[in-house]
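[1] Give me a model of this one.
(chains A, B, C and D)
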There are 2 protein chains.
Amino acid sequence: MYVSDRTPAEAARDIPEATVARLPLYLRALTALAEADQVTCSSEELATAAGVNSAKLRKDLSHLGSYGTRGVGYEVEYLRYQIAREIGVTHDWPVVIVGIGNLGQALANFSGFRSRGFRVVALLDADSQRQSEVVAGLAVRPFDELAGIVAEHGVAIGVISTPAPAAQAVADALVVSGVRSILNFAPTHLAVPEGVDVRKVDLSIELQILAYHEQRKAQPDALDDEVTA
Amino acid sequence: MYVSDRTPAEAARDIPEATVARLPLYLRALTALAEADQVTCSSEELATAAGVNSAKLRKDLSHLGSYGTRGVGYEVEYLRYQIAREIGVTHDWPVVIVGIGNLGQALANFSGFRSRGFRVVALLDADSQRQSEVVAGLAVRPFDELAGIVAEHGVAIGVISTPAPAAQAVADALVVSGVRSILNFAPTHLAVPEGVDVRKVDLSIELQILAYHEQRKAQPDALDDEVTA
DNA sequence: CGTTGTGAACACTTTCACAGCC
DNA sequence: GGCTGTGAAAGTGTTCACAACG
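    Numbers count the residues shown, from 1 in each chain, chains lettered A, B, ... in the order given. Coordinates of the predicted model:
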């Protein structure tokens, strides 16, 4: 049992998953406001910028603590830092990308990577032909160097952008090397041990969800009253 | 207001959003089973393949109708077709991709696109330098041809893979052209009119969610030591 | 004042456990 | 016997509406 015996200003222990998923949205919106030299903002303003409603925003922030001022709003820079600290992006996280095909190259070149608390420390590929290439300023290295690279840089997050059939083996190797957080772009389900987090990004699934709703929109047959006015 | 009486044959009208988001998973798992020449499967088997638990799977399928046989399971090919029909991928959907940078090119080359009910009919980019290129067998065309292309091919789904600052203008243009479903890869919130669906795929957000959990894992005191050996 | 922070109500999702059927 | 389909219970997330407070 870890005592939640309050670290200094931490009343914020169990943050709901839905809230965690929105914190990066707020962080991005606050960064934009800060770049526009805005000093304070209301929950309404920030919520609009992030694309949520203000009640939800306030409820979310209430899980982190009480960082606003009633009658006034939030101090942009202060709140931005508090959220960054809560997410854990006040320092950079070293990341490896495995699978340097079209998608892997695009990811390696993605600038938002570096600017948002992540640093790509290595690109790996099993194909020896690719190992002569340099992508985004990094040499592509053989996959079997994974364990060494993870240990050397303290990598905690691995990105898989291989074809689907290779993904499970890559995930297994990442886990063996000590990586406990995986972002999977391969269109397949990954089985991992307890304690390892996998998040997936899947183009076909998103498109299919859109298709489902699109199909419903173009439904003129039934005597359904759609009521637009 | 008239009766919201459904068509009798269709008990499957209001499918919960959470279920819709999982149907593509089941479709993929069923396709894999079909390719392995498996004729029937149990909810347990299919659930494992899709990475969910069997109770959830059965509840989800119950929203579509009663396609299984008690004591036996589901007929793979039959269920696969029923789900494909429900999602709306028994025929192909024409798609345009706007923004042919690194990511746009990777998307254009993504083979799962074609094989899963979607057909890329055009690649668009505002940069006239790119308009001489051919990507994935398609010429990159000027952005202002959008409306014509949408009308010509009956495009209903648009994919945005531009830099963030351009995304809102692209979304607006898509909407004006008649596109009502958008998949947004640009790291920014899009404002769209009622009736238009936007789904977003956002690398930084996924990484930040992983970072949040990773940070919690490494809590046991000061020194963060990796590798459990 | 105006705006935050929050209990309480409501809505949605998951899980349980077993009746119903093959 | 074994597996599906489903009410009921439990858990999560969202919205409302207003008290608290600078």
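[2] I'd like the next helix or strand past the lengthiest strand in chain A.
    Identified as the longest strand of chain A according to DSSP state E is strand A:118-125. Using DSSP states H and E, the helix or strand that directly follows strand A:118-125 along the chain is strand A:134-135.
[3] gap between residue A:21 and residue B:108?
    Applying CB to CB, to the nearest Å, the value for residue A:21 to residue B:108 is 29 Å. (C-beta placed from N, C-alpha, C; glycine too.)
[4] who's more crowded, the two?
    Shown here are residue A:21 and residue B:108; by other CB atoms under 10 Å in any protein chain shown, residue B:108 has more neighbours (20 against 16).
[5] my guess is the more buried one contacts residue B:136, does it?
    Yes - using CB atoms under 8 Å, residue B:108 is in contact with residue B:136, at 4.1 Å.
[6] Quick check: neighbours shared by the two?
    B:120, B:123 (CB atoms under 8 Å, 6 or more residues apart in numbering or on different chains).
[7] separation between the residue positioned nearest the centre of chain A and DNA strand C?
    Central residue of chain A (CA atoms, centre = their mean): residue A:24, 7.7 Å from the mean position. From residue A:24 across to DNA strand C, the span is 19 Å (CB to the nearest atom of the strand, to the nearest Å).
[8] and if you look at residue A:145?
    Distance, residue A:145 to DNA strand C, by CB to the nearest atom of the strand: 38 Å.
[9] now that residue, nearest residue through space, not along the chain?
    residue A:124 (6.9 Å; CB to CB, 6 or more residues apart in numbering or on different chains).
[10] How about residue A:100?
    residue A:125 (4.4 Å).
[11] Could you give me the buried positions within the helix or strand bottoming out on mean pLDDT in chain A?
    Least confident element among the helices and strands of chain A, by mean pLDDT, DSSP states H and E: helix A:111-115 (a mean of 82). Residues of helix A:111-115 classed as buried by neighbour count (16 or more other CB atoms under 10 Å in any protein chain shown): A:112-113.
[12] Please apply the same query to stretch A:196-216.
    Within stretch A:196-216, the residues that qualify as buried by neighbour count (16+ other CB under 10 Å) are A:196-198, A:200-215.
[13] How about stretch A:92-103?
    Using 16+ other CB under 10 Å as the burial criterion, the residues of stretch A:92-103 that qualify are A:93-103.
[14] Name the single longest helix found in chain A.
    Of all segments of type helix in chain A, defined using DSSP state H, the longest is helix A:17-35.
[15] Beyond that one, next helix or strand please.
    Per DSSP H and E, the first helix or strand lying C-terminal to helix A:17-35 is strand A:40-41.
[16] Just checking: what are the partner strands of that following strand?
    With DSSP bridges as the test, strand A:40-41 is paired with strand A:73-75 (antiparallel).
[17] near DNA strand D, which residues of chain A?
    Listed as neighbours of DNA strand D in chain A under the rule CB under 7 Å from any atom of the strand: A:16-19, A:53, A:55-56, A:58-59, A:69-72.
[18] Mind giving me the PyMOL command for buried ones among those residues?
    To isolate the buried ones among the residues of chain A next to DNA strand D in PyMOL, judged by 16+ other CB under 10 Å, type:
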select buried, chain A and resi 19
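[19] Next one: the residue nearest to residue A:145 from residue A:138, what distance?
    Using CB to CB, we find residue A:124 at a distance of 10 Å from residue A:138.
[20] got the domain boundaries for chain A?
    As given by automatic domain parsing, the domain ranges for chain A are A:17-87, A:93-206.
[21] Checking the closest residue to residue A:20 other than its chain neighbours next. Helix, strand or coil?
    Closest residue to residue A:20 apart from its sequence neighbours, by CB to CB, 6+ apart: residue B:212 at 5.4 Å. With DSSP: H, G, I helix; E, B strand; the rest coil as the basis, residue B:212 sits in helix.
[22] same thing with the one 3 residues further on?
    Under the three-state scheme (three-state DSSP), the conformation of residue B:215 reads as helix.
[23] Would you map the strands across chain A?
    Residue ranges of the strands in chain A, as given by DSSP E, are A:40-41, A:68-69, A:73-75, A:93-98, A:118-125, A:134-135, A:138-142, A:157-160, A:181-184, A:197-200.
[24] Figure out which of the ones you listed is closest to DNA strand C.
    For the strands of chain A, the distance to DNA strand C is smallest for strand A:68-69, at 3.0 Å, taking CB to the nearest atom of the strand.
[25] is stretch A:131-144 anywhere near chain B?
    No - using CB under 8 Å from any CB of the partner chain, we find that stretch A:131-144 stays clear of chain B, coming within 9.3 Å at best.
[26] Show residues contacting that stretch.
    A:98, A:100, A:104-105, A:108-109, A:120, A:122-126, A:128, A:130, A:149, A:170, A:173.
[27] repeat for stretch A:83-92
    A:12, A:15, A:20, A:23-24, A:26-27, A:30, A:64, A:81, A:116-119, B:208, B:211-212, B:214-215.
[28] try 6 Å this time
    Stretch A:83-92 is contacted from outside by A:23, A:26-27, A:64, A:117, A:119, B:208, B:211-212, B:215, using CB atoms under 6 Å, 6 or more residues apart in numbering or on different chains.
[29] tell me which of those is nearest to DNA strand C?
    When the contacts of stretch A:83-92 are ranked by distance to DNA strand C (CB to the nearest atom of the strand), residue A:64 comes first, at 8.9 Å.
[30] any idea how far the closest one is from residue B:165?
    According to CB to CB, residue A:64 stands 29 Å off from residue B:165.
[31] Compare these two and say which is more crowded by neighbours.
    Comparing residue A:64 with residue B:165 by other CB under 10 Å, the one with more neighbours is residue A:64, at 19 against 9.
[32] how much space between that one and residue A:166?
    Distance, residue A:64 to residue A:166, using CB to CB: 39 Å.
[33] what's the pLDDT at the closest residue to DNA strand D within chain A?
    Of all residues in chain A, residue A:71 sits closest to DNA strand D, at 2.6 Å by CB to the nearest atom of the strand. As predicted, residue A:71 sits at a pLDDT of 97.
[34] Next: residue A:66.
    With respect to pLDDT, residue A:66 scores 97.
[35] again with the one 10 residues further on
    Looking at residue A:76, its pLDDT reads 98.
[36] In contact with it, which residues?
    The neighbourhood of residue A:76, defined by CB under 6 Å, 6+ apart, consists of A:30, A:33-34, A:38, A:41.
[37] In TSV, list those along with neighbour count and pLDDT.
    Output for the contacts of residue A:76, formatted as TSV (neighbours: other CB atoms under 10 Å in any protein chain shown; pLDDT from 0 to 100):
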residue	neighbour count	pLDDT
A:30	25	98
A:33	21	98
A:34	15	98
A:38	15	98
A:41	22	98
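[38] Residue A:154: neighbour count?
    Residue A:154: 14 neighbours (other CB under 10 Å).
[39] ugh, wrong one, residue A:67
    For residue A:67, the count of nearby residues is 14 (other CB under 10 Å).
[40] residue contacts, it?
    A:79, A:82.
[41] again, 8 Å this time
    Contacts here follow CB under 8 Å, 6+ apart; on that basis residue A:67 touches A:61, A:74-75, A:78-79, A:82.
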